[in-house]
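# Sequence and predicted model, in that order:
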Amino acid sequence: MIIVRRGRVSLRAKVARVGLRWFIRPRLHQPTLKDERRASRALDALIPRPPRSTRTIAVDAGGVKANWIVTPQSKEEHCVLFLHGGGYRTGSPSTYRHFTWRIASATGARLLAIDYRLAPEHPFPAALDDAISSYRWLLARGVDPRRLAVVGDSAGGGLALALMLKLRDGGIPLPVAVVALSPWTDLALTGAALKRNARADPMLNADDVPRFAADYLGGSDPHNPYASPLYGDLRGLPPTLLHVGSDEILLDDAVRMARKLQRANCYVELEIWPKMPHVWHAMAPFLPEARFAIARIGTFVTKACRQN
């Protein structure tokens, strides 16, 4: 099912687009990885903390650093495994602390946000190996996969879909649902939107993407489905929700993934949101569209759990 969202774009979303275009995309030189990580750490200090009613508990999830996020709405038997974005090169659970508690509340679940290893120091398949280890850890602790969903954004969205393939191929029980937000599914970079939306995308620079892909792949084949799930055999994957903005350079990564899931007889919902920037969900403190999109995630995951 492909849904193109209609309706007016909020004034706040319009302001956010202008801000991103003027303050995020422009630059005098290409930043180094060190610059990017320094900026990410600086941003961490500005990210709102969860409400006091939210508990954040550091754990070792099968050899992977992680945080349990638990809100008053979280039920013990429901879990979400969260895989953050950042082009496989930056990002951490702390970068998403204003977002993950909202997902935990919306889904009524305890959320495990993992701090998987980053490229280029740890190229493919390090991030996937860490995702598998943490997923196995959850199952070993008695988490019922029929009450477990996997959510990821951007690179983490692609990683979530690659995890589905790896689990299925390894005979490991699949989760009840997977949610991928603005997912990066094609590291071979064949999507036409990379060029078509290069000017329209208010946040991402298309010129950066080949460098990100090269760092993560470390010489591996970009068509390997465990790196680029778009090229995998998708049969048997769980119900999937994909969100993407209409102007994103990764639009085709989501659209083609949805169509391929449909051809594989998998249940998939693709929502294309007009004029929304890359992973607008992370702007929930500011954007009404972000809060609505998070509520949609909660509805999708809750419905999948009720049907199993």
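Here it is on my side, so go on.
# for this protein, which spans come out with low pLDDT?
Applying pLDDT under 70 to the chain picks out residues 1-7, 22-29.
# please redo it, this time with the cut-off set to 90
Across the chain, the ranges flagged by pLDDT under 90 are 1-10, 12-49, 203, 307-308.
# which residues of the protein fall in strands?
Shown for the chain, the strands assigned by DSSP state E span residues 2-4, 55-60, 65-70, 75-83, 109-114, 148-153, 177-181, 240-245, 268-273.
# mind putting the ones you listed in JSON lines, distance to residue 284 included?
Where you see a C-beta, it was placed from the backbone N, CA and C, and this is true even at glycine. Formatted as JSON lines, the entries for the strands of the chain read as follows, by distance: least, Cβ to Cβ, whole Å:
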{"stretch": "strand 2-4", "distance to residue 284": "20"}
{"stretch": "strand 55-60", "distance to residue 284": "17"}
{"stretch": "strand 65-70", "distance to residue 284": "14"}
{"stretch": "strand 75-83", "distance to residue 284": "14"}
{"stretch": "strand 109-114", "distance to residue 284": "15"}
{"stretch": "strand 148-153", "distance to residue 284": "12"}
{"stretch": "strand 177-181", "distance to residue 284": "12"}
{"stretch": "strand 240-245", "distance to residue 284": "13"}
{"stretch": "strand 268-273", "distance to residue 284": "14"}
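# I'd like the ones you listed laid out as a markdown table, including mean neighbour count and distance to residue 261.
Written out in a markdown table, the entries for those read as follows (neighbours: other Cβ atoms under 10 Å; distance: least, Cβ to Cβ, whole Å):
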| stretch | mean neighbour count | distance to residue 261 |
| --- | --- | --- |
| strand 2-4 | 12 | 11 |
| strand 55-60 | 13 | 32 |
| strand 65-70 | 22 | 28 |
| strand 75-83 | 22 | 18 |
| strand 109-114 | 27 | 23 |
| strand 148-153 | 28 | 15 |
| strand 177-181 | 28 | 10 |
| strand 240-245 | 26 | 6 |
| strand 268-273 | 21 | 4 |
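# The nearest residue to residue 265 once chain neighbours are set aside - how many residues pack around it?
Counting by Cβ to Cβ, 6 or more residues apart in numbering, residue 235 is the residue found nearest to residue 265 once chain neighbours are left out, at 7.1 Å. By the measure other Cβ atoms under 10 Å, the count of residues near residue 235 is 11.
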